[in-house]
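1. please work out how this folds:
(one chain, ligands or ions: 1)
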Amino acid sequence: MGRKFIVGGNWKMNGNKKEINEIVAFLKAGPLDPNVEVVVGVPSIYLSYTKEILPANVSISAQNCYKVPKGAFTGEISPAMLVDNGIPWVIIGHSERRNVFGESDELVAEKVAHALEAGLKVIACIGEKLEEREAGKTEEVVFRQTKAIADKIKSWDNVVVAYEPVWAIGTGKTASPQQAQEVHDKLRQWFSANVSPAVAESLRIQYGGSVTADNAKDLAKEKDIDGFLVGGASLKPDFVKIINAKQ
Ligand SMILES: O=C(COP(=O)(O)O)NO
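-> Sure thing, here's the model as predicted:
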């Protein structure tokens, strides 16, 4: 049984109702490869609005959540609130949460654990900074980030890992298929040795970082790339071509 290709569109802090209607229109028009799972990461304030108009073949995700069901955490949203609103997915540990908002490996791991306990499916993000790659620390960093999560959760069944090298995010400097495949392969080896061969085989690992309609097909050919987490390009009609990259 192979791993179902999964393409996420991370809208980040972008969009308004008019633009969301336009995105939904091109997703509805598609046509979307029926063999690909599609999830769009929507700003919290637009989750309910978007959920009501998305086509049935596109799932919806929050872009973040906190680590407890409720409490004095002004501004935060809990997994329970997402579940209460019928939101099935949440992106956690995106590099912007880590590097702009200071989320530690520990906090990211606690968030993943609680989101899974609440019944959500999680896209868990990892990835090295340019200076870490240039120092030859890519594996050290992504293994550290992954281990922090592995130490807190009991099952990877509802987790997708998104490897997003920070130096490729929003820069136009996409990792080459070889660069991405190398890290995905090392991650899968890490899972086999530190979690189980079965999880290593079944876990889906997305690549994210300047994925476009021009580079998606070559990236999708790599055996350990099971999908994408797309930022900027997910806001435009070419996102359909990225979704269909395996065709
Ligand atoms: O952050 C990203 C990637 O963003 P870009 O595709 O714009 O590089 N995905 O979560």
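
2. how about the residues of the protein by the ligand?
-> 10, 94, 164, 169-170, 208-211, 229-233 (Cβ under 6 Å from any ligand atom). For glycine as for every other residue, the C-beta is placed from the backbone atoms N, C-alpha and C.

3. now with 5 Å?
-> Asn10, Ile169, Gly170, Gly208, Ser210, Leu229, Val230, Gly231, Gly232 (Cβ under 5 Å from any ligand atom).

4. correct me, but the fourth one touches Ala162?
-> Yes - taking Cβ atoms under 8 Å as the definition, Gly208 is a contact partner of Ala162 at 5.1 Å.

5. overlap in contacts, these two.
-> Gly8, Cys125, Gly127, Leu229 (Cβ atoms under 8 Å, 6 or more residues apart in numbering).

6. list the contacts for the closest residue in space to Arg144 that isn't next to it in sequence?
-> Nearest non-adjacent residue to Arg144, counting by Cβ to Cβ, 6 or more residues apart in numbering: Asp105, 6.5 Å away. Asp105 sits next to Arg144, Gln145, Ala148 when contact means Cβ under 8 Å, 6+ apart.

7. among the residues you listed, the buried ones, what's the ChimeraX command?
-> Here is the ChimeraX command that picks out the buried ones among the contacts of Asp105, judged by 16 or more other Cβ atoms under 10 Å:
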select :145,148
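
8. closest to the ligand out of the contacts of Asp105?
-> Nearest to the ligand out of the contacts of Asp105 is Gln145 (Cβ to the nearest ligand atom; 14.7 Å).

9. now that closest one: how far from Leu107?
-> Counting by Cβ to Cβ, to the nearest Å, the gap between Gln145 and Leu107 amounts to 12 Å.

10. what is in contact with those two at once?
-> Contact criterion Cβ under 8 Å, 6+ apart; residues shared by Gln145 and Leu107: none found.

11. let me know the pLDDT of the residue nearest to Arg144.
-> According to the prediction, Asp105 has pLDDT 98.

12. quick one, what contacts the residue in the chain that the ligand sits nearest to?
-> Going by Cβ to the nearest ligand atom, the ligand is nearest to Gly231 of the chain, at 2.2 Å. Taking Cβ under 8 Å, 6+ apart, we find Gly231 in contact with Asn10, Lys12, Ile169, Gly170, Gly208.
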